[in-house]
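Asks: Sequence plus the predicted model coming up.
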Amino acid sequence: MYPTKNLWRIDPRLARRVLLQTITSHQTTSSLPLRPPSPLETTEKTSETVEPVSWSPNPDSTAARKVAQTSGLRRPPLLRNYPSTLPPKSIVDLTPEQVIVELESSLSTRTSQDPRTAAQTSSPRLDQILVPETEPNPLKTAPVPYRTNRIMLAYVQVVGTPTADTPGACLVLHFDDRRYLFGRVAEGTQRLMVQRKLALAKIRNIFITGTVKWDSVGGLLGMILSVADVISLIKTAVDEHNEKKRAKGGKEKTNPAELGLSLTGGKNLTHVLATARHFIFRKGLALHVNEISSDSPAQRQDRKEPDYEDDNIRVWNLPISRCSSPGKKRKLSTSSEPSEDFEESEAKNQHIRESLVKDMFGSNWSLDTLQEVSLDKVDLPAKIFIRKDNQIQPYEGPMPGGSEPLPDIKVLVRLPWPAAKLENIPTATASTESMSYIIKTHPRRGKFDPVEATRLGVEKPDCKKLTAGESVTTKTGNVVTPEMVMSPPTPGTGIAVLDVPSQDLVPGLLNRPEWSDPELMKGINAIYWISSEEFDVRSDSSILEFIEKHSSLKHFFLGHEVTPNLLALEDPARQLIKMNRIDPDRFPVPVYSEKPASSEVSNGLVSASGDRMMLSPREDFDTEMTVPVLDVKKPLEELQTDCADVITLADAARQQISDPTFLAQVAESQADIPDLDTEIITLGTGSALPSKYRNVSATLIRVPGHGSFLLDCGENTLGQLRRCFGFSGADDVLRDLRGIYISHAHADHHLGMASVISRWSTVTSGSSPNLSLIATRKLQTWFSEYASVDAAIDNSRIVRVLLSNNGLKRWNINSKIGTTITLPGQDGSSSSFLQPEDIGLPRIEACYVDHCHDALAAVFTFPHSGLKIAYSGDCRPSTRFAEIGKGAHMLLHECTFEDSLQGDALAKKHSTLSEALTVGREMQARRILLTHFSQRYPKLPALPPVASDIVDGQPRKGDQAVVFAFDHMRVKLGEFRQAAAFIPALRLLLDEEAKEEEGETEEGEGEWEEG
C-alpha cells in the first residue's frame, strides 16, 4: 500500500455486511465490543444487561440515552440500540447513512493512527469495516436554510458548443463570488475560456458530466495546472498585501486561495488523475476529488438532501448506469453484490489512488531537498552533487554506465516528488456510467415585516435573529417564529445538465425518481442535453416523449449533430484568414461550417456560445452575450483598410517567388535534398500552455511513401487536425499515421495523445496497421494505465517503443525494466530479428538534452531516400544533438525566448533564437523550422544581425533557409525559400496586431511544465 498517512472512515457496504453478520450470530447485544475503549466511554463498565430498544437514527434520542446510562457510556455503543430479535432482513432497508450513524456511535473514525493495527487484539471486526480516507472536503461549506435578501446576480452561460477544435460542451454557473463549471472538460476547454475571457481565478468547483474518459476529461489536467498557478498568484498577492497591512496595523484580506479546487465526476476520475503522477505536480493546492461510485441520496429514500451544498447552490448527482435500473433498492445477497474480498481490495486500491492524488497537489516536497546515495545507485539522467570543503558542488567525475570505473563515494541527488515514487498503480476497468446533475439555488428569505414584529412584542435586537431563521421569546413569554413576521421565502431556481453519451443509457436516465418528485423539480426551469459524436439525444423516441412531457421547461441541445462547426476560436481564425491573404499556399483557410449536420430541432433550442439563462434576480433566457458568428470577410476588409503596407509586402513576395530566375536558383540550391514533397504541418507552436493564438506542441510530418508521423502531441492535437483538414480529412491523416514521438514528459507535449490514438483505433478498426508510440518509460506507463479505462483504444495494435542513448527498445508493460529488443542505434549496429522498417519506423538516433528528466532530442533517418529530420524537443543548445544530426535536411528546433531573455532561457532550460540558429549551423542543417514560442501575443521574435544571411539571403548551393512556425501552417520541404519570402509581411502584420492586443488581459496564465 502507498505509504501515506491518511484518515480512516467506515465503508457503508462493508459495515452493512458486518452489521448483518453480527446480528444474526449474536443473541445479546451486550457482548459486542468491536473496538478498543473509546475516549467517549467511562473507564468503569457495568455488567448490567441492556434492555433491547428500538432502532433510532439519532444517537441523542431518548432510547439512545437510556442505553448510555445503563451501560456506563456517554454515547451508545455499536448495536446497543438493536434488540436481539431484530430480523436480519431489516438491515437491508437501512441507508448507508443510517448504518454509519450506528457505527459511529461507538467508533472513533477520525484518527491519524492506523486503526487496523490498534484493533487487532481487541477488535477483530474493526478492520472489516474501516477503509482509508483522504481529508474531508474543505470546499463544502455548512448549508444555509435560505439566502439573505441581498440580490445576487446568478446565471448559467454556455462556454462552448461542440466544434472541431472545441469538442466538449461546457457551461459556467456564474455567481458574484464564485464560478462553477458543468459539462465536459474536453481538450481545448481552457483555450476557449481564454478566448471568452472567462477568469480561472474564481473557479472553485468543476462538475464533470458523461463517462470519465478522454472526451470528457482531456482538458482537465491542464485546467488544474492553470487554476493552481492562478491560485498561487492570488495567494502570493494577498500575503504580500497582508504583510504590509500588519506592519501598519491595517485590515487584512481573507485569502480566497485557501479554498482550492473541488472536482466531481464518475467512476475512474481519481484513477485518471493518479495516472498523471509522473508529470503533474503542484504544491499547496487544496484539491478535493469527489468520485461518484454509488447512488446519490436522490436514488435512495431521502431526496431532500443534496450531494453538494454551499452558500450558493445545491447539487444532486445523477449517476446513470448501463447495467442497472435506477431507483430500485439493492438487495444484500452474495449473488447480487461483489464479494467481500473484492470490495476490500477495491477500497485499498482506491486509497492508493487517492493518496497519490493528494501527494500530487498537497506535498511539502522541495526542489532543494537532496538525498545521499552511493554513486553506483544513481539513476541517470540526474543532477549529481558532492560535498567538498563543506560546500555542495556539482559532481564532474566518472558517471554510472560509462567506461571509466566508478569511485566508491557518496553523492547527493534530488529526491523525486512523493507521488512519482510509485511505479504502477492498481489497474482499473472502463466505466459504464455517465454523470449528470440537477442544480438549484437556495431559496431567498421573505421580506421582514417590522410592524407585525412590533405588534407581537419583538424587541429590535431580536429582529436580526428572526431574519436569520431563529425563533425568539418576548418579555411576555410568547414564542415568535420567523414565519410569523416574514413573508414566505422565494423558492430557489435551477437547471438540469444531462449528458447521454450512448443510447443504452437512456432508460436509466428517464426512469430516475427525480423526475416525479415535485419538491425536487420545483424551480427547475431548463434542461441542457449534452450529446456525443456517436449518439444524438434527439434520435431517441423515448427522450422526445420525455421532452414533450416536460414541455413547460426549456430544453437546450448541445451536440455535434445540432451545433454547427463554427470557428469557435475567433481571434486565431481571424489571424489565419489574414495570413491566407498574404501566403495562401502555406496558410489554408480553416475548415468550418455555419450549418449543422441536422437542422431539425422542433422541440427545443440549439445552444450557442455565450447564451445565458438568468437564475437571479429574475428568471429569463437572453442572447445578449451570445457570441456572433465570425464574418470571414471582415478580417480581409480590416487587412485591406488598416494594413495596406502588409498587402504591399505580400504582393512583392508573391512576385519574387514566381520569378523564373528565383525558382531556378531554388531548384539548383536544393537539388541534393531528397523527398522535397515532404510536408510539415505545425499544429501547435506555443510553449507551456495553450494561448489564444498558439496551441501547445505538435508537428505532423508527412513523408511520401513512408506515411505520417507526429512529433509531440500536445492537448487538442486532434482538434487542430480537424480544423486544418476537416473531420473526414483528419480521419484520412490518421489512417496514414505510423508513429507518435514524444520528446519528454511535460504535459504541454503529450496531453493530446490519448484522443489521437483513440480516434486512430476507431478509423483503422478492422485493418491491420500498427501504430508506434515512441516515448519514455514513464509516459508509456501513463498511457497504459489510462488506456485501461478507455475501451475505444485498441491496445493490441499499439507498438510501444522506448528511446535511449543506445537506440530503440520495444517496451513491455509487464516488465519493470522493459523488453530488450534493440533496434539500430547511433553506433550503427543492428538487431538480427527486428528492424525499424518492420514496424514502419525510420532509423532513430537520440541523445539526452538539458531540460528535464528523460528529455531527448532525436534524429529520424528514412530508408531508401536517406531523408534526415532532426527534432530538438525542449532543451538548451546541445552539441551532442548537433553531432548526431550532422547534415540533417530539416531541423525542427525550439525557439522559446528572444535573445534579450537569455536569463529566462537559462533558468527554464530553453533556447533563444540565436542559440537555435547556432545549433542549425553546427549541424549544417539545410532547412530550419523554429517553433515553441513563449510570447503572449503573436509577434515574431526579433532577428539577431547574424541571422540575416540565412533568413533573408539568396538561394545558393548548400544554403540554409529559416522559417518561423505558426499554427496550421503547411510547408513542403522544397518550399522553405518561398515561405521565407513572406516573413517580412507576416512580421509587419503581427506587429500591428500586437499593438492592438497591448493592454488586454489574458486569463489563466501559468505553465504546464515541471522541473
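Replies: Looks like it came in fine. Numbering: from 1, shown residues only.
Asks: For the stretch 651-800 of the chain, just list every one of the strands.
Replies: Under the criterion DSSP state E, counting those that start in this stretch, the stretch 651-800 of the chain carries strands at the ranges 679-684, 698-703, 707-713, 737-741, 771-774, 798-804.
Asks: Thought residue 612 was touching residue 154, still the case?
Replies: No. With contact defined as C-beta atoms under 8 Å, residue 154 does not reach residue 612; the gap is 10.6 Å. Quick note: C-beta positions are derived from backbone N, CA and C, even for glycine.
Asks: Tell me the helix or strand right after the helix ranked longest in the chain.
Replies: Longest helix in the chain, counting residues (DSSP state H): helix 220-248. Using DSSP states H and E, the helix or strand that directly follows helix 220-248 along the chain is strand 261-265.
Asks: ranges for the strands of the stretch 401-550 of the chain?
Replies: 410-414, 433-441, 472-473, 479-480, 494-500, 524-531.
Asks: right, and the ones you listed - which one's nearest residue 211?
Replies: strand 433-441 (5.0 Å; C-beta to C-beta).
Asks: now the angle between strand 524-531 and the closest one, please.
Replies: Angle, strand 433-441 to strand 524-531, by axes from the mean of the first three to the mean of the last three C-alpha atoms, to 10 degrees: 160 degrees.
Asks: in this protein, which residue is closest to the centre?
Replies: Residue closest to the mean C-alpha point of the chain, counted by C-alpha atoms, centre = their mean, is residue 220 at 1.5 Å.
Asks: Helix or strand for residue 371, just tell me which one.
Replies: Counting by DSSP H and E, residue 371 is found in strand 370-374.
Asks: okay, that strand in PDB with CA atoms only?
Replies: Taking Å, rounded to 0.1, in the frame of the first residue of the first chain, the C-alpha atoms of strand 370-374 are listed here in PDB:
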ATOM      1  CA  LEU A 370      18.900  16.300  -1.600                       C
ATOM      2  CA  GLN A 371      19.400  12.700  -0.700                       C
ATOM      3  CA  GLU A 372      22.800  11.000  -0.100                       C
ATOM      4  CA  VAL A 373      23.300   7.700  -2.100                       C
ATOM      5  CA  SER A 374      26.100   5.700  -3.500                       C
END
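Asks: Can you tell me the strand partners of it and which way each runs?
Replies: Sheet partners assigned to strand 370-374 using DSSP bridges are listed as strand 410-414 (antiparallel).
Asks: for residue 900, helix, strand, or coil?
Replies: helix (DSSP: H, G, I helix; E, B strand; the rest coil).
Asks: So for it, what's the pLDDT?
Replies: Note for residue 900: predicted pLDDT of 88.
Asks: What is the burial count for it?
Replies: 11 (other C-beta atoms under 10 Å).
Asks: which residues does it contact?
Replies: With contact set as C-beta atoms under 8 Å, 6 or more residues apart in numbering, residue 900 has these partners: residue 942.
Asks: cool, and residue 400?
Replies: Counted by C-beta under 8 Å, 6+ apart, residue 400 has contacts 375-376, 378, 380, 406.
Asks: show me what contacts residue 550?
Replies: 515, 527.
Asks: Check which helices and strands the longest helix of the chain sits against.
Replies: helix 189-196, strand 203-208, strand 261-265, helix 269-275 (3 or more C-beta pairs under 8 Å, 6 or more residues apart in numbering; DSSP states H and E).
Asks: quick one, which of these is nearest to residue 586?
Replies: When the helices and strands packed on helix 220-248 are compared (using C-beta to C-beta), the closest one is helix 189-196, at 22.6 Å.
Asks: could I get that closest one in PDB with only the CA atoms?
Replies: C-alpha atoms of helix 189-196 as PDB (Å, rounded to 0.1, in the frame of the first residue of the first chain):
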ATOM      1  CA  THR A 189     -11.700  24.000 -23.000                       C
ATOM      2  CA  GLN A 190      -9.100  26.200 -21.300                       C
ATOM      3  CA  ARG A 191      -8.100  27.800 -24.600                       C
ATOM      4  CA  LEU A 192     -11.700  28.500 -25.300                       C
ATOM      5  CA  MET A 193     -12.100  30.100 -21.900                       C
ATOM      6  CA  VAL A 194      -9.100  32.400 -22.700                       C
ATOM      7  CA  GLN A 195     -10.900  33.300 -25.900                       C
ATOM      8  CA  ARG A 196     -14.100  34.100 -24.000                       C
END
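Asks: If you count contacts, what does that helix end up packed against?
Replies: By 3+ C-beta pairs under 8 Å, 6+ apart, helix 189-196 packs against strand 154-160, helix 220-248.
Asks: Select, out of those, the one closest to residue 911.
Replies: Taking C-beta to C-beta, helix 220-248 is the member of those nearest to residue 911, at 22.9 Å.
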